[in-house]
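**Q** All I have is the shape, not the residue letters:
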């Protein structure tokens, strides 16, 4: 494999890893699936809950990635866009690190609108933002940079959709597995005992992803 | 900010029952003649302790005349709500409103209950200014922070505008504002509680401040002018959805006790007095196909008594009304405890079939006419009033005072403070513990009790026990 292929493979691995991380975080909703399964006394309710959670998360990722995909059409600005994106991600990570008060803003979304809930919670946490530097990296490795604008944009948007789908499959896979394990084997005690405060880890992940991307781009300049 | 959820937060009622038993009880002390400041007492309830059933610490407030009544925690098991997605607050601060002054005290119970101290004081003006409500009462912790029900609206006597619920931040204790967006026909308030995953709130009605602050107004009561409705709300939309009138003769619908298991969509409410026959009653309410229903499921008759045993207020009736002033449901939703403050009886109903409560146990203590002493031989004035059940359902604690001015009307001979405990049998039955008697300081009466690590009228759950 060439250097570019290796970079691409690592980036796809990062897409999957971030999906697993988001899915395992109780804040992204797997306890809702446990609750639904127990309330309805049926595993079916558990799995049905994963559907709106996936759709909400998917849309939240796409809504962030697609505009960046379009921006990349400005090929001569590509480098600046990547640096700016990395800085935005770092900035958001720092904001998340400093502002760690108990959240109240999303408390009014009713339990019947889990898709909306999942979308809002992913946006508020910067779940899509965490993928931006990875996505931009993938776009770079996909297109050599001299192609015409229209197919380039199309290609970038397709990559965005693919990144979002792969990320969400990993996310819902991890969350769904945890929900099923708690529902079927571990019991509700795991909800309180196994719930760690990932706020700081999450914020640091954002900063880390942004910093690595920044390093790459400054290095490539 | 913690790294793990507070160990006293439990996902389901069953887990709450299995958790370690309480070592301390928090008890509000009020000075009925307002000559001294009200206080929070910390009672040792560990039976193997040297200071068992004694007050081991007291937090005295800096103001007089607050009139403490109900109180609650800044956070409870509701923090494990999967929708909140953030379980990292501590059950640490007690939120104590004065229902006469509208002042709210925040008391820090960490690092040790015996070192509890005032953390913050919210002055009445802040409550008035930010909410337009007055006379804060019931405290519950939920999705948007701390919810506080109030008994009064604006103005000096609390009659300018209806009373309602307001929200406070659960970490900074900043008063955030009114909860209701659409209050429908609701004009009176008392208690409230909810079912978090099913997303509804239930509120009850007592009266407006002029009807209780200076004592019960007999003419208003006989004219059925006290509260007699239940209100149902969409919790997250903050919208009134349904009213159920229990009937105008069912005066004063007070404590609302929903089943703890969120899969059960029913609950209970106690009615103080039926003006047609002095009976007290329990109503069961439930939700079916999205609609709420309620029916009277238990009644407690008045007891005839000689005129000389009765206070002037009751002499014309020749009987003692049971006056159900508090009810409490055990964590497994099996037993409903009913305080009969007039007749001096604590009743225990088996409510496994919620629409057919069966009397399972009863103890007599105090009472307007009966005046049953405590098994230790001590005199007990007043009747069983605020009742709290341990999470494991084995111990039932209660106090004797209702409300300063009402105490005087129903028990004019005076009411030294008393707090007792009864042991509940695993399949029913109730027996007063003769070795549990809390000596209240002179000139003080106790009201609501809260137990360390949560109790049966604090925590709400987002996962069923099954």
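**A** Cool, the structure landed. Values in this document were obtained by computation on a predicted structure and should not be read as measured data.
**Q** quick one: low-confidence parts of chain A?
**A** By pLDDT under 70, the weakly predicted segments of chain A are A:1-4, A:102, A:140-149, A:220-221.
**Q** How about the secondary structure of the spatially most distant residue from the centre of it?
**A** Relative to the centre of chain A, and counting by CA atoms, centre = their mean, the farthest-placed residue is residue A:41 at 30.5 Å. Secondary structure of residue A:41, reduced to three states by DSSP: H, G, I helix; E, B strand; the rest coil: coil.
**Q** Does it touch residue B:465 like I think?
**A** No: at 11.7 Å, residue A:41 and residue B:465 do not qualify as touching, with contact defined as CB atoms under 8 Å. For the C-beta atoms, the positions are set from N, CA and C on the backbone; glycine is no exception.
**Q** pLDDT at the spatially closest residue to residue B:288 that is not a sequence neighbour, what is it?
**A** Excluding the flanking residues, the one nearest residue B:288 by CB to CB, 6 or more residues apart in numbering or on different chains is residue B:265, at 7.9 Å. On pLDDT, residue B:265 comes in at 97.
**Q** Can you pull the phi and psi angles for residue B:265?
**A** Torsion angles at residue B:265 (phi, psi; degrees, to the nearest 10) stand at phi -100, psi 60.
**Q** what's the spacing between it and chain A?
**A** Separation of residue B:265 from chain A (CB to the nearest CB, to the nearest Å): 11 Å.
**Q** Can you name the residues of chain A that neighbour chain B?
**A** Contact residues of chain A with respect to chain B, defined by CB under 8 Å from any CB of the partner chain, are listed as A:26-29, A:31-32, A:34-35, A:38-39, A:41, A:100-104, A:106-112, A:117, A:121, A:188-189, A:191-193, A:195-197, A:199.
**Q** List only buried entries from those residues.
**A** Neighbour counting over these (16 or more other CB atoms under 10 Å in any protein chain shown) leaves A:26-29, A:31-32, A:34-35, A:38-39, A:102-104, A:106-107, A:109, A:111, A:117, A:121, A:188, A:191-192, A:195, A:197, A:199 as the buried ones.
**Q** Which of the residues you listed fall in helices?
**A** In helices, defined here by DSSP state H, the members of these are A:31-32, A:34-35, A:38-39, A:117, A:121, A:191-192, A:199.
**Q** what residues are up against the spatially most central residue of chain A?
**A** What sits nearest the mean C-alpha location of chain A, by CA atoms, centre = their mean, is residue A:127, with 3.8 Å. The neighbours of residue A:127, taking CB atoms under 8 Å, 6 or more residues apart in numbering or on different chains as the test, are A:22, A:28, A:57, A:60-61.
**Q** repeat for residue B:90
**A** Residue B:90 sits in contact with B:2, B:6, B:74-75, B:110, where contact means CB under 8 Å, 6+ apart.
**Q** for residue A:85, same thing?
**A** Going by CB under 8 Å, 6+ apart, residue A:85 touches A:68, A:132-133, A:136, A:213.
**Q** From these, pick the one nearest chain B.
**A** residue A:132 (22.2 Å; CB to the nearest CB).
**Q** Give me the secondary structure label for the closest one.
**A** Each residue gets one of three states, and residue A:132 gets helix by three-state DSSP.
**Q** Would you mind confirming that it is in contact with residue A:63?
**A** No: here residue A:132 lies out of contact with residue A:63, judged by CB under 8 Å, at a distance of 11.6 Å.
**Q** out of the two, which sits in the busier spot?
**A** Shown here are residue A:132 and residue A:63; by other CB atoms under 10 Å in any protein chain shown, residue A:132 has more neighbours (28 against 14).
**Q** which residue sits closest to that one, ignoring its sequence neighbours?
**A** In this structure, residue A:132 finds its nearest non-sequential neighbour in residue A:85, 5.0 Å apart by CB to CB, 6+ apart.
**Q** Can you list phi and psi of the closest residue to residue A:97 other than its chain neighbours for me?
**A** On the basis of CB to CB, 6+ apart, the spatially nearest residue to residue A:97 that is not a chain neighbour turns out to be residue A:203, at 3.9 Å. As for residue A:203, its main-chain torsions (degrees, to the nearest 10) stand at phi -60, psi -40.
**Q** coming back round to it: which of the ones in helices among the buried ones among the residues of chain A next to chain B sits closest to residue B:299?
**A** residue A:39 (33.6 Å; CB to CB).
**Q** Just confirm the closest one contacts residue A:45, I think it does.
**A** Yes: under the contact definition of CB under 8 Å, residue A:39 touches residue A:45, with a separation of 7.1 Å.
**Q** all helices of chain B, in order?
**A** Assigned by DSSP H, the helices in chain B fall at B:13-18, B:124-131, B:218-222, B:312-315, B:404-410.
**Q** Show me what the mean pLDDT comes to for the first one.
**A** Average pLDDT, helix B:13-18: 97.
**Q** what about residue B:125, how many neighbours?
**A** Residue B:125 has 10 neighbours, counted by other CB under 10 Å.
**Q** picking up where we left off before, for chain B, state which of the contacts of residue A:127 is nearest.
**A** Chain B lies nearest to residue A:28 out of the contacts of residue A:127, by CB to the nearest CB, at 7.4 Å.
**Q** Look up which helix or strand the nearest residue to the closest one once chain neighbours are set aside falls in, please.
**A** Excluding its sequence neighbours, the residue lying closest to residue A:28 (CB to CB, 6+ apart) is residue A:22, at 5.2 Å. Residue A:22 belongs to helix A:3-24 when elements are defined using DSSP states H and E.
**Q** and that helix, what does it pack onto?
**A** Based on contacts counted as 3 or more CB pairs under 8 Å, 6 or more residues apart in numbering or on different chains; DSSP states H and E, the elements that helix A:3-24 packs against are helix A:127-142, helix A:149-181, helix A:199-220.
**Q** Can you tell me which of these is most buried?
**A** Most buried of those, by mean neighbour count (mean count of other CB atoms under 10 Å in any protein chain shown): helix A:127-142, with a mean of 24.
**Q** For the closest residue to chain A within the stretch 201-350 of chain B, list the residues it contacts.
**A** Taking CB to the nearest CB as the measure, the stretch 201-350 of chain B has residue B:236 as its residue closest to chain A, at 4.4 Å. Residues in contact with residue B:236 (CB under 8 Å, 6+ apart) are A:107-111, B:143, B:199.
**Q** ditto for residue B:144
**A** The contact partners of residue B:144, by CB under 8 Å, 6+ apart, come to A:104, A:107-108, B:167, B:176, B:179.
**Q** And residue A:136, how far from residue A:60?
**A** Here residue A:136 is placed at a distance of 18 Å from residue A:60 (CB to CB, to the nearest Å).
**Q** Kindly apply the preceding question to residue A:93 instead.
**A** 17 Å.
**Q** re the thing from before, tell me which of the contacts of residue A:127 is nearest to residue B:323?
**A** residue A:28 (50.6 Å).
**Q** Might one say that that closest one is in contact with residue B:85?
**A** Yes: between residue A:28 and residue B:85 there is a contact under CB under 8 Å: 7.4 Å.
**Q** what residues do these two have in common as contacts?
**A** Overlap of the contact sets of residue A:28 and residue B:85 (by CB under 8 Å, 6+ apart) consists of residue A:121.
**Q** Could you pick out the residues of the stretch 1-150 of chain B near chain A for me?
**A** Applying CB under 8 Å from any CB, one finds that the stretch 1-150 of chain B approaches chain A through B:1-5, B:7, B:9-12, B:15, B:80, B:82-89, B:143-145.
**Q** Nearest residue to residue 73 in space, please, no chain neighbours.
**A** In the absence of a named chain, chain A is used. The spatially closest residue to residue A:73, leaving aside those adjacent along the chain, is residue A:153, at 4.6 Å (CB to CB, 6+ apart).
**Q** look at chain B instead
**A** In space, residue B:73 is closest to residue B:91, 5.2 Å off (CB to CB, 6+ apart).
**Q** For the one you found, list the residues it contacts.
**A** Taking CB under 8 Å, 6+ apart, we find residue B:91 in contact with B:6, B:8-9, B:73-76, B:453-454.
**Q** Dump these into a markdown table; add pLDDT and neighbour count as well.
**A** Written out in a markdown table, the entries for the contacts of residue B:91 read as follows (pLDDT from 0 to 100; neighbours: other CB atoms under 10 Å in any protein chain shown):
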| residue | pLDDT | neighbour count |
| --- | --- | --- |
| B:6 | 93 | 22 |
| B:8 | 96 | 22 |
| B:9 | 96 | 28 |
| B:73 | 98 | 29 |
| B:74 | 96 | 25 |
| B:75 | 95 | 26 |
| B:76 | 96 | 26 |
| B:453 | 96 | 24 |
| B:454 | 97 | 23 |
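**Q** Cool, thanks, talk later.
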